[in-house]
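>>> could you look at this predicted model? Sequence included:
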Amino acid sequence: MKRAIQSYLGSDTEAAPLAVFRIGFGLVMVWSMIRFWANGWIEKLYLEPSFHFSYHGFSWVKPIGDYTYGLFIICGLSALMVALGYKYRLAIITFFLSFTYIELMDKTTYLNHYYFISLVSFIMIFLPAHAYYSIDARRNSALRSQRIPKWSVHAIKLMLTIVYLYAGLAKLNSDWLIHAIPLKIWLPTKDHIPILGELFQYEWIIYVFSWFGMIYDLSIPFVMMNKKTRPYGFFFVVVFHVLTRVLFNIGMFPYIMIFASLIFFDSQLHHRILAWISKVLRISKDIFDNNKSYLIRPIPKRLAVGLLGAFFTFQLLLPFRYLMYPGELFWTEEGYRFSWRVMLMEKAGYTQFKVVDPDQGTSYFLRNGKFLSTFQEKQMSFQPDFILEYAHYLAKYCKEEQGIQNPEIYADSYVALNGRLSRRYIDPNIDLAKVKPSFRHKSWILPIDYEIKGL
Amino acid sequence: MKKSILFIVLIVLVGFMSSCESDGPGETSDGFNRKALLENWADNIIIPAYADFTNETADLIVAGRNFQMDPSMTTLNDLRDSWLIAYKGWQRVTMFLYLKGDELLIRVNMNIYPSDTAAIQKNIKNGDYKLELSSYNDQQGFPALDYMLYGLGTNDDEILARYTTDPMAEKNRKYVADLCTRIHSLASAVNDDWNTGFRDEFVNNDGSSVNSSVNRIVNDYIFYYEKDLRLGKVGVPAGMFTNIILPRHVEAVYHGNIANTLLNESLDAAQDFFNGVHYGGTTNGVGLDDYLNHLNSMKEGEDLTLLINNQFEAARVASDVLSENFEDEVLNNFPEFQELLTALQLNIVLLKTDMLQALNINTDFIDSDGD
């Protein structure tokens, strides 16, 4: 066993797939940053709101005023450097830190695919993605290698596999499979899309889409790993992600996943891609084809392999943390994020807050619009950790600005989940100002009288 | 061979992906006919309601001029009648902010209450007011007329005297006439817009994207229900967002005996829009109720249409026990006034969470990515 592991860790493979991945990843990220800026989202999501929702323990990560633009510039430039393979380690570390910082600034904007990007860039810190077809490798002949350790390509494949597999497992629930919800909510109104729009009016088509999505997610990594099935697999990758792009407002994610899936292909494809780029840019690819293996010293290697091993163990376990909480996961969302639950449910809420001044015996509601953007209010309204954090902010506001010595904050909250009738969400008799934020079960979320069966 | 076919299909798909960037109008097939919904709203509700309202504001101008030229108890009462008719008409159109109405900020120019009476007095005295400017929002519209027609004295003789014997009489009369003109010009601007091409633009934008007509008007509708109907008419006087009650913040406070009528008119208008009931009649056309029922037929969920209509009815019942004098109700019958607020509030939950979820409509222009 030990020998098998050692021989695996010692084996190498063509570096071209990882180089193509690095270039694609960098370029898509540059494009993402430009798009984010051009859409005015830096302003709208990070600068305009006066209050930001923080991840537990990361309340020190906040937008930094106009410097936030600088943060995006740093992030975009480092992504470009990653694509070029120019001062790669510095670039990828900078990218990982700046991108993750941006994501931590406000959890309102949490998206699984942003989390995915943070994780991939973290992994890439430990991979020799610059050993081939990069400016670094062109300048440094000691670095230049046509072959790299196998595990470094596998790390990316494993990450993709986890994403798909867990997204598929999450779909194994009664709402998705038996009731075809939320697709039954989302698809029928898309009737303006040619051909598909008509199909969405048939109930059985919605079931086909639900089941296809589940089977696709569970099987696609394995279909892509097998050389025989790979062309069909890639066909489905494109079909699936094009569909999600057409049907949902899903941003860059489809593009990222389509290009990322190229890593599963044999290196001939990547050599062809790089040859084509070389032709267009009139640069020489031959210099990189030196048949040399990337040399990694034992200590850094052990460090990298050990860290990635721990990282992936953590990744495999983290999505199951919801099992430690009682109650319905979709309802309480305890352990919902960071688990590849992608486009899994339809949830909306209406949450207002009442402040009570026990000393004066007065009470009144606080206007959410005064503190939150529309987007923040929407996200806050159905997520308990948002509700609690905001309630604490309101308590502080009432104390400091309204002169209420011991403000009590109560939520008047209703949530509708997966098309079921809305019902009261938060116990209206709980003074949220006195509830301490933690990872413990939130007993002040009212239970629901239905069960969504499954994983 | 196989590979090249796959390749061609992929190219077509990618082309499809980029061509679907934004969804324009398209033919609807077996889906719900949103165009019919938009047509019903435009042709049987919005346009006739705006036409009537515009005529009512034209009558208001005439009554205002008559009063300006010949101030008497008769012309004063005629003007008051015209004001009330137009004010009720306003309750029928105020939720349709669409396009021109949005641009003109018609709602804040027509009906911000309470009026800034000190500023109004200053305007009259100096005569240098420009009602088109945003700084004059709370010195015009129906509430300003309410003040001018009912609030300038403690009884009708005193009020009339302000227009006849008072040293400021002429200026007062001019201000009243100017208020009427301003109301009419706002109304007819929006009315003209609907009658010169905008109707078709509205009806043809029948997709389901963020900028589609259904999406926008439903968002406007809910915004209106929440902020103006619930909060403005009932929530603010009840002190919903303040630690004190604000009884003087009721609608038409100087008239003092009309708030419940105005509220019920707006409730009827809101419910008729929901059900697609034709303006000025009882014909039940295509409405959000039908859209919800259509979408629900597949889901077999709760009968949301029924629940929403019941909640409108519950608000009406809660208002029935109240008098026309909301100021008095806030001061002396607060629990029952608050019942009304609760009844209105519960429909926000149904409209904003359940209905929007069922219709798959996003709240207000959130254009960031999902996943």
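Perfect, thanks for sending it.
>>> low-confidence ranges, the stretch 1-150 of chain A, go.
Counting by pLDDT under 70, not a single residue of the stretch 1-150 of chain A qualifies.
>>> which residues of it lie near chain B?
Residues of the stretch 1-150 of chain A found near chain B (CB under 8 Å from any CB of the partner chain) are A:39, A:41, A:44-45, A:109, A:111-113. For the C-beta atoms, the positions are set from N, CA and C on the backbone; glycine is no exception.
>>> return the distance of the closest residue to A:N291 other than its chain neighbours relative to chain B.
Excluding its sequence neighbours, the residue lying closest to A:N291 (CB to CB, 6 or more residues apart in numbering or on different chains) is A:Q146, at 5.3 Å. In this structure, A:Q146 and chain B are 27 Å apart, going by CB to the nearest CB, to the nearest Å.
>>> list the residues that contact A:Q146.
Residues touching A:Q146, when contacts are defined by CB atoms under 8 Å, 6 or more residues apart in numbering or on different chains, comprise A:14-16, A:132, A:288-293.
>>> wait, doesn't A:H241 sit right on A:I258?
Yes. With contact defined as CB atoms under 8 Å, A:H241 and A:I258 form a contacting pair (5.2 Å).
>>> which ones among the residues of the stretch 1-150 of chain A next to chain B map onto helices?
Assigned to helices by DSSP state H, the following of these qualify: A:41, A:112-113.
>>> any chance of these in a markdown table, with neighbour count too?
What follows is those, written out as a markdown table (neighbours: other CB atoms under 10 Å in any protein chain shown):
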| residue | neighbour count |
| --- | --- |
| A:W41 | 18 |
| A:N112 | 21 |
| A:H113 | 21 |
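>>> which one among those residues gets closest to B:N260?
Proximity of those to B:N260 was ranked by CB to CB; the top entry is A:W41 with 45.3 Å.
>>> and the gap between the closest one and A:Y255?
The span separating A:W41 from A:Y255 equals 17 Å under the rule CB to CB, to the nearest Å.
>>> do A:Y414 as well
For A:Y414, the distance to A:Y255 under the criterion CB to CB works out to 37 Å.
>>> between these two, which one's more packed in?
Neighbour comparison, A:Y414 and A:Y255: the larger count goes to A:Y414, with 25 against 17 (by other CB atoms under 10 Å in any protein chain shown).
>>> per-residue pLDDT, the closest residue to A:S363 other than its chain neighbours?
Among residues not flanking A:S363 along the chain, A:V356 sits closest, at 4.3 Å (CB to CB, 6+ apart). With respect to pLDDT, A:V356 has a value of 96.
>>> give me the beta-bridge partners of A:V356?
In this structure, A:V356 bridges to A:S363, A:E408 when assessed by DSSP bridges.
>>> just checking, next helix/strand downstream of the lowest-mean-pLDDT helix or strand in chain B?
When each helix and strand of chain B is scored by mean pLDDT, DSSP states H and E, helix B:2-19 comes last, with a mean of 53. Once the chain leaves helix B:2-19, the next helix or strand it forms, by DSSP states H and E, is helix B:34-39.
>>> the next helix or strand after that next one: which residues count as buried?
Tracing the chain past helix B:34-39, the next element assigned as helix or strand by DSSP H and E is helix B:47-69. Going by neighbour count (16 or more other CB atoms under 10 Å in any protein chain shown), the buried part of helix B:47-69 is B:47-61, B:63-68.
>>> look up how far A:Y397 lies from B:V203.
Applying CB to CB to B:V203 and A:Y397 gives a distance of 45 Å.
>>> and for residue 340, nearest residue in space, chain neighbours not counted?
Here I'm looking at chain A. The shortest distance from A:W340 to any non-neighbouring residue, by CB to CB, 6+ apart, is to A:Y166 (3.9 Å).
>>> wait, chain B was what I had in mind.
Across the structure, with CB to CB, 6+ apart as the measure, the residue nearest B:L340 apart from its sequence neighbours is B:A318 (4.2 Å).
>>> ok, A:T94 next?
Excluding its sequence neighbours, the residue lying closest to A:T94 (CB to CB, 6+ apart) is A:S78, at 4.0 Å.
>>> right, and the one you found touches A:Y88 too?
No. The pair A:S78 and A:Y88 fails to qualify as a contact (CB under 8 Å) at a distance of 10.1 Å.
>>> just checking, what packs against the top helix by length along chain B?
Under DSSP H, the helix in chain B containing the largest number of residues is helix B:169-193. With contacts defined as 3 or more CB pairs under 8 Å, 6 or more residues apart in numbering or on different chains; DSSP states H and E, the secondary structure elements packing on helix B:169-193 are helix B:47-69, helix B:73-93, helix B:100-103, helix B:106-110, helix B:117-126, helix B:141-150, helix B:156-164.
>>> quick check on the contacts of A:Q146: which are buried?
Buried members of the contacts of A:Q146, scored by 16+ other CB under 10 Å, are A:14-16, A:132, A:288-289, A:292-293.
>>> list the contacts for the closest residue to B:T94 other than its chain neighbours?
On the basis of CB to CB, 6+ apart, the spatially nearest residue to B:T94 that is not a chain neighbour turns out to be B:R107, at 6.0 Å. Taking CB under 8 Å, 6+ apart as the definition of contact, the neighbours of B:R107 are B:94, B:97, B:101, B:224, B:228.
>>> same deal with A:V120?
A:25, A:156, A:159 are the contacts of A:V120 under CB under 8 Å, 6+ apart.
>>> what about the residue in the stretch 101-250 of chain A that chain B sits nearest to, how many neighbours?
Distances from the stretch 101-250 of chain A to chain B, computed as CB to the nearest CB, single out A:D191 as the nearest residue at 3.1 Å. Using other CB under 10 Å, A:D191 is surrounded by 24 other residues.
>>> residue 234 - nearest residue in space that isn't next to it in sequence?
No chain was given, so I picked chain A. A:S261 (6.4 Å).
>>> chain B is the one I meant
Among residues not flanking B:V234 along the chain, B:L341 sits closest, at 4.9 Å (CB to CB, 6+ apart).
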